[in-house]
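Participant: Could you work out the structure for the sequence below:
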Amino acid sequence: MWALATMGEKAAGVHMEEMQSRAIATEEEFTPQGVSNVLWALATMGERADPLLLEAMQRRATGTAGEFSTQGVAIVLWALATMGEKADRGLLEAMQSRAMATEEGFTPQGGSNARWVL
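Facilitator: Predicted coordinates for the structure are as follows:
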């Protein structure tokens, strides 16, 4: 998904469904960067995310929040807001804690994006 979004492309419906299904099935394998890449790609492409994928990525982000970079925090929050999706309470609390712990690493844009969502 990330590669397609980076190239300004979109996947055909069936291929997007397959990629989303695969991501759901392999949720536990996602690194924080992987989570932020998937959410960024969906938001950038303007794709409608499978609700199960959003739940899986939020669950994984919450569970690995302590490993997120400041950029990853900003991207996850930006992507969910851009897609018009509401982050669950656990994710918001985890991302807020991580943002506070790493606040010196935020770029002005990243900090602004994170504050806008939180």
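
Participant: residues contacting Val38?
Facilitator: Under the criterion of CB atoms under 8 Å, 6 or more residues apart in numbering, the neighbours of Val38 are 1-2, 23, 30, 53, 57. C-betas here are computed from N, CA, C, even on glycine.

Participant: now, which of the residues you listed sits nearest Ala81?
Facilitator: Comparing those against Ala81 with CB to CB places Met57 closest, at 14.1 Å.

Participant: what about Leu53, neighbour count?
Facilitator: Close neighbours of Leu53, defined as other CB atoms under 10 Å, add up to 19.

Participant: looking at it, it is touching Ala25, isn't it?
Facilitator: No. Assessed by CB atoms under 8 Å, Leu53 is found out of contact with Ala25, at 10.2 Å.

Participant: What's the per-residue pLDDT of Ala74 here?
Facilitator: For Ala74, the pLDDT comes out at 90.

Participant: What distance do you get for it to Thr82?
Facilitator: Per CB to CB, to the nearest Å, Ala74 is found 12 Å from Thr82.

Participant: the more surrounded of those two?
Facilitator: Ala74 (25 against 16).

Participant: Touching the helix or strand containing Arg60 from outside, list them.
Facilitator: Element membership for Arg60, per DSSP states H and E: helix 51-63. With contact meaning CB under 8 Å, 6+ apart, helix 51-63 is reached by 20, 23-24, 27-28, 30, 32, 35-36, 38-39, 68, 76, 80, 85, 87-88, 90-91, 94-95.

Participant: could you dump it to CSV, C-alpha only?
Facilitator: Taking C-alpha atoms only, helix 51-63 is exported to CSV below (Å, rounded to 0.1, in the frame of the first residue of the first chain):
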residue,chain,number,x,y,z
PRO,A,51,-13.1,-1.4,9.7
LEU,A,52,-11.4,-4.6,10.8
LEU,A,53,-8.1,-3.2,9.4
LEU,A,54,-8.5,0.0,11.3
GLU,A,55,-9.2,-1.9,14.5
ALA,A,56,-6.2,-4.1,13.9
MET,A,57,-3.8,-1.2,13.2
GLN,A,58,-5.1,0.8,16.2
ARG,A,59,-4.7,-2.3,18.4
ARG,A,60,-1.2,-2.8,17.2
ALA,A,61,-0.3,0.9,17.5
THR,A,62,-1.6,0.9,21.1
GLY,A,63,0.4,-2.2,21.9
